[in-house]
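**Student:** give the three-dimensional model of this entry:
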Amino acid sequence: MKKAVDILRDYFGVSQQEARGMFVLLTLTGFLLLLPLAYRLWVPDSIPDTSASDKRQLDSLVALLEVDNNEVDERRETTPGRYEPNVKTKKAERFAFDPNTVDAESWQRLGAPRWLADRIVRYRSKGGQFRKKEDLLKIYDFPPELYGELEPYIRLSVEKRAEKPSEKYRERLVDAKPESNKPYASNRPVYTAERYSKPVLQPFDINTADTTELKKLRGIGSKLAGRIVKFRDALGGFISPDQYAEVFGLDSLALQELNQYGQIRTPAKKLVINTATAEELDRHVYLSKRQAEIIVNYRTQHGPYTSPESLRNIRILDAKTIEKLTPYLAF
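**Tutor:** Residues are numbered from 1 along each chain as shown. Modelled structure (predicted):
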């Protein structure tokens, strides 16, 4: 015992009394760890005698478990993020449909889970629209297998908007002199119509445009315009047109319009990584609150960052996040 105490004292650099206490604590811990093993060795296992009533109770529990398993199988199709058609449920129907008008019940008849049908209806209620068949895959967690089965039955109706007379023509008031040789000449003005041409939309700076400018684009209303501006401000500005697709709710037409008219002329705002607070970093789109706090804590402990490569020491940041974040950081 004395030798063990001396070893603990020399190894941990503690006093004789502290080493003695550590030895007692380790001995007690080892005893407690070995106690269950010794109990199983000394006390033989006894097999309880199950009575007939206990057997009946076990059989009833097994029956209940089987019922629960069947219910789980029936609900499996409604689990978000999974598409596993259940052979026990009614076979999915196949019929021509328009994804812009079909309701949630019809989606379920087509084989879509209930959570997916509700998600599509909510997307349309917020102004979303499917202009191409492939736009269905932009719905979060839309199963590619289901799209492959439904693609031949998709019928997109192209609504041709009738041109309003006010958009095609405008009336111009012309003062006309009455004809003196006619006894019933009228002094009322004469209206003539001339062709009205809509102003041509010009490219603009996406990093300085407001919602009024964005609403001029096809497929973008007030909600989407506000969402684009909010995402851009949180981002610090766009650096690539590929980032337009990161804005939630933009369909193929809106993305096409943004790529055609939304030009990047103003550089994005940068965060000074060595002076920014956790709150400032948390406001960036590509960082979470937890990541922002860890970046600041690591900087406090190990000193300022010198390059994007120094961020790789933070395990919570993967290579893709660092690559997307680098253009927005100043070292």
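**Student:** which residues of the stretch 101-250 of the chain fall in strands?
**Tutor:** Applying DSSP state E, counting those that start in this stretch to the stretch 101-250 of the chain gives strands spanning 169-174, 190-195, 204-205.
**Student:** how about Phe231: what's its closest non-neighbour residue?
**Tutor:** In space, and not counting its chain neighbours, Phe231 is closest to Val247: 5.0 Å by C-beta to C-beta, 6 or more residues apart in numbering. From N, CA and C alone the C-beta is placed, and that goes for glycine too.
**Student:** which residues does the one you found contact?
**Tutor:** The contact partners of Val247, by C-beta atoms under 8 Å, 6 or more residues apart in numbering, come to Leu224, Arg227, Ile228, Phe231.
**Student:** ok, now how distant is the second one from Gly13?
**Tutor:** In this case it means Arg227. 61 Å (C-beta to C-beta, to the nearest Å).
**Student:** can you tell me which helices and strands the longest helix seen in the chain packs against?
**Tutor:** Secondary structure of the chain per DSSP state H: the longest helix is helix 16-42. Using 3 or more C-beta pairs under 8 Å, 6 or more residues apart in numbering; DSSP states H and E, the elements in contact with helix 16-42 are helix 2-12.
**Student:** tell me how far Thr101 lies from Arg131.
**Tutor:** 14 Å.
**Student:** my bad, Lys269
**Tutor:** 33 Å.
**Student:** the two: which has the busier surroundings?
**Tutor:** Per other C-beta atoms under 10 Å, whichever of Lys269 and Arg131 has more neighbours is Arg131, with 16 against 12.
**Student:** my read: the more buried one touches Leu250, true?
**Tutor:** No - Arg131 lies out of contact with Leu250 (C-beta atoms under 8 Å); the separation is 11.2 Å.
**Student:** what do those two both touch?
**Tutor:** Common contacts of Arg131 and Leu250, defined by C-beta under 8 Å, 6+ apart, comprise Gly219.
**Student:** what pLDDT is listed against Asp98?
**Tutor:** pLDDT for Asp98: 91.
**Student:** give me the mean pLDDT for stretch 215-231.
**Tutor:** 92.
**Student:** hmm, I typed the wrong one, I wanted stretch 145-155.
**Tutor:** 89.
**Student:** just the CA atoms of it, as PDB, please.
**Tutor:** Only the C-alpha atoms of stretch 145-155 are listed here, as PDB (Å, rounded to 0.1, in the frame of the first residue of the first chain):
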ATOM      1  CA  GLU A 145     -39.000   7.900 -57.500                       C
ATOM      2  CA  LEU A 146     -42.400   9.400 -57.200                       C
ATOM      3  CA  TYR A 147     -41.600  12.100 -59.700                       C
ATOM      4  CA  GLY A 148     -40.500   9.400 -62.200                       C
ATOM      5  CA  GLU A 149     -43.800   7.700 -61.800                       C
ATOM      6  CA  LEU A 150     -46.000  10.800 -62.100                       C
ATOM      7  CA  GLU A 151     -44.000  12.700 -64.800                       C
ATOM      8  CA  PRO A 152     -46.000  11.100 -67.800                       C
ATOM      9  CA  TYR A 153     -49.300  12.200 -66.200                       C
ATOM     10  CA  ILE A 154     -48.400  15.900 -65.500                       C
ATOM     11  CA  ARG A 155     -50.300  18.300 -67.600                       C
END
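**Student:** Arg227 and Gly13: who's more crowded?
**Tutor:** Counted by other C-beta under 10 Å, Arg227 and Gly13 do not tie: Arg227 has more neighbours, with 19 against 9.
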